[in-house]
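A.B. asks: Sequence first, then the predicted structure:
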Amino acid sequence: MRAIDELLEAMTWRIVSRYAALAGTTALLDAPSVYALLDGLFEQALVAAADDPQAAADQLGERVAAVLPRLLA
């Protein structure tokens, strides 16, 4: 289980690091914090998907789009 979390953390960090580089800045948080935040949003979407998968997917997209810019310095 830990190995999966490490892979997912590395994946999210690559995405946020690249996003920051493209924006010409750096991330405000470290890799574990970024992963915890995005994983939490994903978990909420998984729970919500039981009731309305499309709404959950839409909401996840909106939340990630709102959070990503706030992760940058």
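C.D. replies: On my side now, so go ahead.
A.B. asks: and Ala27, what are its bridge partners?
C.D. replies: Leu72 (DSSP bridges).
A.B. asks: burial measure for it, as a count.
C.D. replies: Using other Cβ atoms under 10 Å, Ala27 has 18 neighbouring residues. Yep, even glycine has a C-beta here, placed from its N, CA and C like the rest.
A.B. asks: outside of stretch 34-43, which residues touch it?
C.D. replies: Residues from elsewhere that reach stretch 34-43, judged by Cβ atoms under 8 Å, 6 or more residues apart in numbering: 5, 8-9, 12-13, 16, 27, 29, 60, 63-64, 67, 71.
A.B. asks: Give the buried residues for it.
C.D. replies: Residues of stretch 34-43 classed as buried: Val34, Tyr35, Leu37, Leu38 (neighbour count, 16 or more other Cβ atoms under 10 Å).
A.B. asks: What of stretch 22-30?
C.D. replies: Judged by neighbour count (16+ other Cβ under 10 Å), stretch 22-30 contains these buried residues: Ala27, Leu29.
A.B. asks: For it, measure first residue to last.
C.D. replies: 18 Å (Cα to Cα, to the nearest Å).
A.B. asks: That stretch: how far from the chain's middle?
C.D. replies: Taking the mean of its C-alpha atoms, stretch 22-30 sits 14 Å from the chain's own mean (Cα atoms, centre = their mean, to the nearest Å).
A.B. asks: any idea of the mean pLDDT in it?
C.D. replies: Regarding stretch 22-30, the rounded mean pLDDT is 98.
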